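S.K.: Need the 3D shape of this:
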Amino acid sequence: MNRTDRLYALVEELRAVAPRPRSARWLADRFEVSVRTVERDINALQQSGVPIYAEPGRRGGYCLDKARTLPPVNLTPGEAVAMAVALRRLEGTPFQATAGSALRKLVAAMQPDDAAAAHDLAGRVHLLGDEGPLPPVPRVVAAALSTRRVLRIGYSDREGVVTTREIEPLGYIGKATHWYLVAWCRLRDTLRVFRTDRITSVSVTAEVPPPRSLRSEDLDIPYGVVCQLTLS
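M.R.: Alright, predicted model coming up:
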């Protein structure tokens, strides 16, 4: 059994007995490898986002959080590559890293033969980047809404003048050339929209901001129509 097949089989073995644990020794015997190999494989799965945790004690071992994993996904190789092409449009957005993580999880959950075919097909697809990627969004800014903390930022205006501000993140606005962070600016005591590539520095404070709603009239932008993202 090659390593890719073994990683897939490890997840399915832990899924089958979840929430009960399997020891590294039991898994090593099951897959006819060393305990060290099992530990390396488990670490690789954890690093890729698979929710495996170690349970201590004589009857402990490795456990899988079944509620947070996907069953085998019946994506075709073509569907997987189509998703990868679509996700390229997220480069430079606040969701680039999480989109890549989601795609890796989906491909890891595919049948091994389909996953191999998807990798082969992807290797035959070439993209001509005429426009180039969007400017990268700082990691702290990308996580601003989920962090739910006041941010302290340095912000450069169109003349290059930098001011330090404390802001309360409320949302994002994306367009073809830039992404913007919508936030309550304490310096101006009003709602402001910050272009993410003009944020020169950012740090997370310990303060949790008061609840604020983002109203549709707050997004009444004269030069374009703002459409809310939906998952349905």
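S.K.: Same question for the host helix or strand of Tyr155: list its buried residues.
M.R.: Tyr155 is located in strand 151-156, with elements delineated by DSSP states H and E. Residues Leu151, Arg152, Ile153, Tyr155 are the ones in strand 151-156 that count as buried (16 or more other CB atoms under 10 Å). In short, each C-beta sits where N, CA and C put it, glycine included.
S.K.: I'd like these written out as CSV, with pLDDT and distance to Val33 added.
M.R.: Below are the buried residues of strand 151-156 laid out as CSV (pLDDT from 0 to 100; distance: CB to CB, whole Å):
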residue, pLDDT, distance to Val33
Leu151, 96, 46
Arg152, 96, 49
Ile153, 97, 49
Tyr155, 97, 53
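S.K.: Could you chop the protein up by domain?
M.R.: Here the chain is described, according to automatic domain parsing, as comprising the domains 3-68, 77-122, 139-219.
S.K.: what's the first-to-last distance across the longest one?
M.R.: Using CA to CA, to the nearest Å, the end-to-end distance of domain 139-219 comes out at 24 Å.
S.K.: which one's the longest helix in the chain?
M.R.: Using DSSP state H to define each element, the chain has its longest helix at helix 3-17.
S.K.: Need the three-state assignment for Arg192.
M.R.: Counting by DSSP: H, G, I helix; E, B strand; the rest coil, the backbone at Arg192 sits in strand.
S.K.: Show me the shaky parts of this structure.
M.R.: Low-confidence segments of the chain, defined by pLDDT under 70, span residues 66-74, 126-134, 222-223, 228-232.
S.K.: Nearest the middle, which residue of it would you pick?
M.R.: When CA atoms, centre = their mean is applied to the chain, the residue found nearest the centroid is Thr98 (1.2 Å).
S.K.: Doesn't that residue lie inside a strand?
M.R.: No. Counting by three-state DSSP, one finds Thr98 to be helix, located in no strand.
S.K.: about what we covered before: which helix or strand lies directly C-terminal to the strand holding Tyr155?
M.R.: Per DSSP H and E, the first helix or strand lying C-terminal to strand 151-156 is strand 162-174.
S.K.: Can you tell me the strand partners of that following strand and which way each runs?
M.R.: strand 151-156 (antiparallel), strand 179-185 (antiparallel) (DSSP bridges).
S.K.: got the residue ranges for the strands in the protein?
M.R.: Along the chain, the stretches classed as strands by DSSP state E are 52-55, 61-64, 151-156, 162-174, 179-185, 190-195, 199-204.
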